[in-house]
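next input, structure requested:
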Amino acid sequence: MSVIVEHITKLYGEQKALDDVSFNIKSGEVVGFLGPNGAGKSTMMKIMTCFLPQTAGKASVCGFDVSEQSLEVRQNVGYLAEHNPLYLDMYVKENLAFIAGLHHIANPEKRISEMIEMTGLQVEQKKKIGALSKGYRQRVGLAQALLHNPKVLILDEPTSGLDPNQLQEIRNLIVQIGKEKTVILSTHIMQEVEAVCDRVMIINKGKIVADKATSDLKTLEGGYAVITIEFDKEPDIALLKKLDGIFTVSVINAKTLELHVTTERDVRTDIFNYAVKNNLAVLTIHKEEKKLEDIFKDLTKQQTIKA
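Below you'll find the model as predicted:
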C-alpha cells in the first residue's frame, strides 16, 4: 500500500476536523478526495505530508510512519498545496534549481530539464515566476512537487482559479502523471473527478461517507436514474406509480412525465408494457442516470457513514 490511514482524528480545540478516518490507497491509484469546504480534506492531506500532527490514530506513506519517520515520508511525497507557495522574484529554472538543491538531487540540470518538458514549461522557463499566468504557476508547483521523483503525489485543489483551457491542460498532466505514480487529488469539482480519478472518497464533517471506484459510485444506496417520457395521451399516473422500481412521478404536462427509477435494473420494459396494456403510445423516452454531483450533494447532507 502507498498510503495507510488508521482511525485518524484531528481536533482544533473543541472542533473535530477529522473523526476516526481510515482508508488504504494502493500504488498506482488516482484517488479523488472530495468534500465541501471545511469537510477536512486539507487537514487530512497536511497530516499525510507531515505538516500537521494528528490528535489520535496513525498513518503511513510508503511504509513510513508520518509521526515517527517524517523525513522519510517527505522524501517519498510530492505536495502541491492549495495556495501554491512560490518565490515570485525567481526565474523558473532558478526556482527549480533551488528546490533541487534542497533535495540534494544528483545531476540537477538533467532532472530540471525533464520536469520542464513534462510540465510544459519550455516556453516560460526563462521568465520570472511573478510574470507567469496562474496556469503556468501551477505547472511550476507541479514541477517542484515532482522534482525529487516521489512515489506519491498529493494535490490540494490543483485547478482552483484556472480558466477552462488551463484547467484542461492541468487535468491532462495529472492523468499522465497518474500512469506512473500514486496521486491523491483534493477537489470539490465533480467533473474533475470523473475526468481523472479511478476512485472517489467523499468526506463530510470529518467522516468518510463514501469510498468507491468512480464507475461504481452511482450504484450507492439511494442512486437513481431519471426517465423523461411523453405519451400520445394523458396516462393514469396512479397505475404507473405501482410499477416496481419507480420511486416518484412528476408531471411536466398532461402527457409528459419525469420518473425517478431504480438503477439496479432497467424498468423501461415495464413502462412500455404498461403503455401497451393501457392503450398508450410512447412518443419519446429519455433516460439519464443520477449525476455524480447529485450523489455528492446527497451524501454531504447526511451525517452517517455510508462507505
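
gap between the residue nearest to Val66 when sequence neighbours are not counted and Lys233?
Sequence neighbours aside, Ala59 is the residue nearest to Val66 in space, at 4.8 Å (criterion: C-beta to C-beta, 6 or more residues apart in numbering). C-beta here means a position set from N, CA and C on the backbone, and glycine is covered the same way. As judged by C-beta to C-beta, to the nearest Å, Ala59 and Lys233 stand 62 Å apart.

tell me which of those two has more neighbours.
More neighbours surround Ala59 than the other of Ala59 and Lys233, with 23 against 11 (other C-beta atoms under 10 Å).

now the element after the helix or strand encompassing the more buried one, going C-ward?
The secondary structure element spanning Ala59 is strand 56-61 (assigned by DSSP states H and E). Scanning forward in sequence from strand 56-61 by DSSP H and E, the next helix or strand is strand 64-65.

so who does Tyr274 touch?
Under the criterion of C-beta atoms under 8 Å, 6 or more residues apart in numbering, the contact partners of Tyr274 comprise Leu239, Leu240, Leu243, Leu280.

centre of the chain to the helix or strand containing it, how far?
Mapping Tyr274 onto the secondary structure by DSSP H and E places it in helix 268-277. Relative to its parent chain, helix 268-277 has a centroid offset of 39 Å by C-alpha atoms, centre = their mean, to the nearest Å.

report the buried residues of it.
For helix 268-277, burial by neighbour count (16 or more other C-beta atoms under 10 Å) applies to Arg268, Asp270, Ile271, Tyr274, Ala275.

over to stretch 53-69?
Neighbour counts using 16+ other C-beta under 10 Å place Gln54, Gly57, Ala59, Ser60, Val61, Cys62, Phe64, Val66, Gln69 of stretch 53-69 among the buried residues.

closest to Val21 among the contacts of Tyr274?
Using C-beta to C-beta, the shortest approach to Val21 within those belongs to Leu243, at 41.1 Å.

beyond the top helix by length along the chain, next helix or strand please.
Counting residues, the longest helix in the chain under DSSP state H turns out to be helix 164-178. Towards the C-terminus, the helix or strand next in line after helix 164-178, according to DSSP H and E, is strand 182-187.

tell me who's in contact with the residue nearest to Val66.
Counting by C-beta under 8 Å, 6+ apart, Ala59 has contacts Val3, Ile4, Val5, Glu6, Ile8, Ile47, Met48, Asp65, Val66.

7 Å instead, please
Going by C-beta atoms under 7 Å, 6 or more residues apart in numbering, Ala59 touches Ile4, Val5, Glu6, Ile8, Ile47, Met48, Val66.

returning to what we had before: what angle separates the strand holding Ala59 from strand 182-187?
Here the directions of strand 56-61 and strand 182-187 differ by 130 degrees (axes from the mean of the first three to the mean of the last three C-alpha atoms, to 10 degrees).

ok, back up a step: gap between the residue nearest to Val66 and Met201?
As defined by C-beta to C-beta, Ala59 lies at a distance of 14 Å from Met201.

now Val183
13 Å.

flag the shaky bits of the stretch 151-300 of the chain, pLDDT-wise.
Segments of the stretch 151-300 of the chain classed as low confidence (criterion: pLDDT under 70) are 217-223, 289-293.

change it to 50
Within the stretch 151-300 of the chain, the stretches with pLDDT under 50 are 221.

quick one: the helices in the stretch 51-200 of the chain?
70-76, 92-102, 108-118, 134-146, 164-178, 190-196 (DSSP state H, counting those that start in this stretch).

quick one: which of those is nearest Val21?
Relative to Val21, the nearest member of the helices of the stretch 51-200 of the chain by C-beta to C-beta is helix 70-76, separated by 17.4 Å.

show me what that closest one is packed up against.
strand 64-65 (3 or more C-beta pairs under 7 Å, 6 or more residues apart in numbering; DSSP states H and E).

rerun that using 6 Å as the cut-off
Other elements packing on helix 70-76 under the criterion 3 or more C-beta pairs under 6 Å, 6 or more residues apart in numbering; DSSP states H and E are absent; no helix or strand qualifies.

in that helix, which residues are buried?
Within helix 70-76, the residues that qualify as buried by neighbour count (16+ other C-beta under 10 Å) are Ser70, Glu72, Val73, Arg74, Gln75, Asn76.

let's have those residues in TSV, adding distance to Leu257.
Output for the buried residues of helix 70-76, formatted as TSV (distance: C-beta to C-beta, whole Å):
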residue	distance to Leu257
Ser70	59
Glu72	60
Val73	56
Arg74	58
Gln75	60
Asn76	55
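
can you lay out these as a markdown table showing pLDDT and distance to Lys127?
Formatted as a markdown table, these follow (pLDDT from 0 to 100; distance: C-beta to C-beta, whole Å):
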| residue | pLDDT | distance to Lys127 |
| --- | --- | --- |
| Ser70 | 94 | 34 |
| Glu72 | 95 | 35 |
| Val73 | 95 | 33 |
| Arg74 | 93 | 29 |
| Gln75 | 93 | 30 |
| Asn76 | 95 | 31 |
